[in-house]
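A.B. asks: Kindly generate the corresponding structure for this input.
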Amino acid sequence: MAEGTVTPEQRLQELNLELPQLRTAVGNYVASVRAGNLLFTAGQGVDQYRGKLGRDLTVEEGYLAARQSMLNLLSAVKAELGELGKVKRVVKILGFVNSTEEFTEQPKVMNGASDLLVQVFGEKGKHGRSAVGMAQLPNNTAIEIEMIVEIEE
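C.D. replies: This next block holds a predicted model:
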């Protein structure tokens, strides 16, 4: 990284955010898989927010849940790459929102993850995205997100 360039880790520190410890897999899978210059993450839920958007949680709480899920994902990326500066570009995120049948604000919830990526990576953090409502998620987590990033070789 060029001298004077702020690293993603430094941006997290400026935002008063810390990457959590890498979460333990709850099944027969790994946190991430490299394929060429792409890194695919497993879905990351959250422990802090449980229940359904539209019944148990507000859009604002969902936004915070998505932000926390992205911090969990960034921990998985850092564990694989050693440093977040090796991310060349965030390609895509897919967000699953535990929500009632009537809830239609999944994109507003997912902005918690998207906004964080742009704050941490700048232009490299802009990405394609899908935000879908789910009838239920494991352990009643409010959200689960997976991500694809391009890696600097």
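A.B. asks: what separates the nearest residue to Val30 once chain neighbours are set aside from Ser32, distance-wise?
C.D. replies: Leaving aside its chain neighbours, Val30 sits nearest to Ala42 (6.8 Å; criterion: CB to CB, 6 or more residues apart in numbering). The C-beta positions use only the backbone N, C-alpha and C, and glycine is treated the same way. Noted for Ala42: a distance of 7 Å to Ser32, by CB to CB, to the nearest Å.
A.B. asks: shared neighbours, those two?
C.D. replies: Common contacts of Ala42 and Ser32, defined by CB atoms under 8 Å, 6 or more residues apart in numbering, comprise Ala76.
A.B. asks: Check what contacts stretch 52-72 and list those residues.
C.D. replies: Contacts for stretch 52-72 (CB under 8 Å, 6+ apart): 17-20, 23, 44-46, 48-51, 93, 95, 97-100, 102-103, 105-106, 108-113, 115-117, 133, 141-145, 147.
A.B. asks: buried stuff in it?
C.D. replies: 52-54, 57, 59, 61-72 (16 or more other CB atoms under 10 Å).
A.B. asks: low-confidence ranges in the protein?
C.D. replies: 1-4 (pLDDT under 70).
A.B. asks: now the strands: where do they sit in it?
C.D. replies: 32-35, 38-41, 87-98, 128-134, 143-151 (DSSP state E).
A.B. asks: Would you state the helices of this structure in chain order?
C.D. replies: 8-14, 59-81, 106-121 (DSSP state H).
A.B. asks: Tell me which of the strands of the chain is the most buried.
C.D. replies: strand 143-151 (a mean of 23; mean count of other CB atoms under 10 Å).
A.B. asks: what distance separates that strand from the centre of its chain?
C.D. replies: Put simply, strand 143-151 sits 6 Å off its chain's centre (CA atoms, centre = their mean, to the nearest Å).
A.B. asks: Not counting its own residues, what contacts that strand?
C.D. replies: 34, 37-46, 49, 62, 65-66, 69-70, 73, 77, 81, 86-98, 109-110, 113, 137-138.
A.B. asks: Restrict the contacts of stretch 52-72 to the buried ones and give me that as a PyMOL selection.
C.D. replies: Buried residues within the contacts of stretch 52-72, by 16+ other CB under 10 Å, are selected in PyMOL with:
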select buried, resi 17+19+23+44+45+46+49+50+51+93+95+97+98+99+103+105+106+108+109+110+111+112+113+116+117+133+141+142+143+144+145+147
